[in-house]
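Student: Provided below are the primary sequence and the corresponding predicted coordinates.
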Amino acid sequence: MVPFQKITEACKTTGLSQYFLRQGCKNGTIPHIKSGGVYYINVQALVEQLGQKEQAD
């Protein structure tokens, strides 16, 4: 798995909606970097983050 993916690719990998990923990038809750106008999501860190959140609940 590629560690950084564009939103459309990360959507397919994670099953999360493009809207959710885009909003998370904008408000800083999704681990990402931005190059120009393109968000690159750190998918591995996102999956780990979601797993930790699930264990906490």
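Tutor: It's in.

Student: only the buried residues of the strand or helix carrying Gln23, if you could.
Tutor: Using DSSP states H and E, Gln23 falls within helix 18-27. Buried residues in helix 18-27, counted by 16 or more other Cβ atoms under 10 Å: 21-22, 24-25. All C-beta atoms are positioned from the backbone trio N, CA, C, and that covers glycine.

Student: ranges for the strands of the protein?
Tutor: 4-6, 32-35, 38-42 (DSSP state E).

Student: how about a markdown table for these, with mean neighbour count added?
Tutor: Output for the strands of the chain, formatted as a markdown table (neighbours: other Cβ atoms under 10 Å):
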| stretch | mean neighbour count |
| --- | --- |
| strand 4-6 | 17 |
| strand 32-35 | 13 |
| strand 38-42 | 18 |
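
Student: to Lys12, which of those lies closest?
Tutor: Across the strands of the chain, Lys12 has its closest neighbour in strand 4-6 (8.7 Å, Cβ to Cβ).

Student: sorry, back to before: can you redo the buried residues of helix 18-27 as CSV with distance to Ile41 and pLDDT?
Tutor: Formatted as CSV, these follow (distance: Cβ to Cβ, whole Å; pLDDT from 0 to 100):
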residue, distance to Ile41, pLDDT
Leu21, 6, 97
Arg22, 10, 97
Gly24, 8, 97
Cys25, 7, 97
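
Student: out of these, who's nearest Lys12?
Tutor: Nearest to Lys12 among those is Leu21, at 10.9 Å by Cβ to Cβ.
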